[in-house]
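Participant: Here you go, sequence then predicted model.
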Amino acid sequence: MLAIRIAHILNARGIDNHFTFLTTSGFTNFTAHNLLNSKTKSFRLDHIERLCRVLVCDPNDLVSFYPDNKYPLPSNHPLNNLIKNETQNKDIKNSLRTLPYKELMKISAHIEDAKTPKTQKPDTSAELS
């Protein structure tokens, strides 16, 4: 079964009040409630885009797949890529609070490095021939 799951992204982003965040991001109370409680049966493209913009993620991050034992899939089926470990990093703020300062600085440097766009090296293969 496919389901919309966004709480893990909100938690990872350090957003405490999920409902308020969604409503201030332009979702109606009804839609925010349905998104947070996995009661969404259809998923509008403009909602997918808005969530991806405000959560800085891609659409695959919003969808989780829960295998059904009645209808097994081969291990190489693409839907298996949507199985998520949602218990991982549930409370990132507490995880960061318990890290030694030096480790926290290494993570911070890594994050800054990841935010910097990588410049591609010019193609010099034509010059070599």
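Facilitator: The structure has been received and is ready for your questions.
Participant: Can you mark which positions in the helix or strand that Asn11 is a member of are buried?
Facilitator: Element membership of Asn11, judged by DSSP states H and E, is helix 7-12. Across helix 7-12, burial judged by 16 or more other C-beta atoms under 10 Å covers His8, Ile9, Leu10, Asn11, Ala12. In this view, the C-beta of every residue, glycine as well, is placed from N, C-alpha and C.
Participant: Check which residues of the next helix or strand after it are buried.
Facilitator: The helix or strand immediately downstream of helix 7-12 is helix 18-24, counting by DSSP H and E. Residues His18, Phe21, Leu22 are the ones in helix 18-24 that count as buried (16+ other C-beta under 10 Å).
Participant: what's Ser25 in contact with, if anything?
Facilitator: Arg50, Val54 (C-beta atoms under 8 Å, 6 or more residues apart in numbering).
Participant: quick one: pLDDT of it?
Facilitator: Looking at Ser25, its pLDDT is 97.
Participant: Same question for the one 4 residues further on.
Facilitator: Predicted confidence (pLDDT) for Asn29: 96.
Participant: try Lys70
Facilitator: Per-residue pLDDT puts Lys70 at 92.
Participant: Pull out the C-alpha coordinates of the helix holding Asn11 and format them as CSV.
Facilitator: Extracted C-alpha coordinates of helix 7-12, given in CSV (Å, rounded to 0.1, in the frame of the first residue of the first chain):
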residue,chain,number,x,y,z
ALA,A,7,5.9,13.6,9.7
HIS,A,8,9.5,12.1,9.4
ILE,A,9,10.5,15.0,7.2
LEU,A,10,8.9,17.6,9.5
ASN,A,11,10.7,16.0,12.4
ALA,A,12,14.0,15.9,10.6
